[in-house]
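> Sequence and predicted model, in that order:
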Amino acid sequence: MTKTVDLNADMGESFGDWVMGNDAALLDVVTSANIACGFHAGDPDVMAKTMRLAIQKGVGIGAHPGFPDLHGFGRRRMHISPDSLRNLIHYQLGAAQAMAHAAGGKLQHFKLHGALANMASENPDMARTCYKAALDIAPEIIILVLACTPMQIVVEDLGCNWAGEIFADRAYNDDATLVDRSLPGAVIHDPEHASERVLEMVRESAIISLSGKQIAAQVDTICMHGDTPEAIEIARLVKSSLLGAEIGVQQLQ
C-alpha cells in the first residue's frame with residue numbers, strides 16, 4: 001500500500017441523558033476521534049467516557065472546539081472579538097488536554113467545529129486567531145484544516161503540524177468550501193455514493209465539487225459526522241472501499 005489516509009469522526013456530542021450518535025460503533029472503524037469540548041455539545045462525563053473508549057481502542061483523540069451554542073449545535077454563525085475567540089479556544093483546548101491526561105492519553109489533533117470552522121475557512125484572520133491560540137498551549141498538535149481553503153494557507157504560514165481534511169458526507173462548492181447545510185444535496189446520506197466519491201478524491205488527490213470540478217488537494221484525513229444517521233454505514237463502507245483499493249487506513253502521524 002503506497003498511499004495511506006486517516007479516518008476521523010466527530011463524536012462525544014451527547015449531553016447528559018440526551019444521546020447523539022453511536023460513538024462506540026464508530027470507534028471500531030475510525031482511526032481518529034474529534035471530541036466535543038462542551039461548548040457546542042458534550043459535557044465532562046461524555047468527554048471522559050469517549051476519550052477512555054477511544055484510548056482503549058487505539059484511536060487518536062483530538063479537541064473539537066466550537067461556538068458556545070448548545071441549542072444550535074454550534075452550526076449558527078456568531079461574531080466574536082479576536083480576544084474572546086482566543087480565550088474560547090484556550091478554554092476548550094485546555095479542558096480537552098486535562099480530560100485526555102486524566103483518561104491516560106494525550107491529544108493528537110485539533111479541529112474546529114461547525115460554523116466556527118466554516119467561518120475560519122473563509123476568513124484567514126479568524127483561522128489565524130484560532131490556530132495561534134491552539135499552538136500557544138499545544139505547539140506540537142496536528143491541526144486539521146479544510147484542504148484548499150484559507151485555513152491551509154494559514155497553517156502553512158505558521159509552519160505547524162497540519163493535515164488536509166476532506167469530507168465523506170458533505171458536498172463542496174467550486175472554491176473548496178462546504179455547501180451550506182440549508183441547501184439541497186449539502187449532506188450526503190447514501191453510503192455507496194459517499195464511498196465511491198471518497199475513493200475517487202483520494203485516488204486523484206483532489207476535492208470534487210458538486211458541479212464536478214476537481215481541485216488538487218492534500219488529502220490526509222477523511223471525516224464522517226457522527227450525528228449523520230448513516231454515519232456508521234458510511235464509515236464502514238468508506239474504509240472497506242479504501243482497503244479494497246489497496247489504500248491504507250491509519251492514524252495521523
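The structure has been received and is ready for your questions.

> which residues does residue 248 contact?
Applying CB atoms under 8 Å, 6 or more residues apart in numbering to residue 248 gives the contacts 1, 3-5, 242. Heads up, the C-betas are built off the backbone N, CA and C, glycines and all.

> which residues sit against the helix or strand hosting residue 236?
Counting by DSSP states H and E, the element that carries residue 236 is helix 231-244. With contacts defined as CB under 8 Å, 6+ apart, helix 231-244 is touched by 5, 7, 9, 21-22, 25-26, 29-30, 168-169, 188, 191-192, 194-196, 198-199, 202, 222, 224-225, 228, 248-249.

> Cross these against helices and list the overlap.
25-26, 191-192, 194-196, 198-199, 202 (DSSP state H).

> Output the lowest mean pLDDT helix or strand found in the chain.
strand 221-225 (a mean of 91; mean pLDDT, DSSP states H and E).

> hang on, the earlier thing: mind checking which of the contacts of residue 248 are buried?
Neighbour counting with 16 or more other CB atoms under 10 Å marks 5, 242 as buried within the contacts of residue 248.

> biggest separation within the contacts of residue 248, which pair?
Largest separation among those by CB to CB: 1 and 5, giving 10.4 Å.

> Touching, residue 134 and residue 89? I think so.
Yes - here residue 134 lies in contact with residue 89, judged by CB atoms under 8 Å, at a distance of 5.8 Å.

> low-scoring pLDDT stretches of the stretch 1-150 of the chain, where are they?
1 (pLDDT under 70).

> Which stretches in it count as helices?
23-26, 44-56, 82-102, 114-122, 124-137, 150-158 (DSSP state H, counting those that start in this stretch).

> picking that back up, give the rounded mean pLDDT of the helix holding residue 236.
Averaged over helix 231-244, pLDDT sits at 94.

> Now it: buried residues?
231-239, 241-242.

> same check, this time on stretch 9-23
In stretch 9-23, counting by 16+ other CB under 10 Å, buried: 9-15, 20-21, 23.

> Check stretch 156-167 too.
Those would be 160-167, for stretch 156-167 by 16+ other CB under 10 Å.
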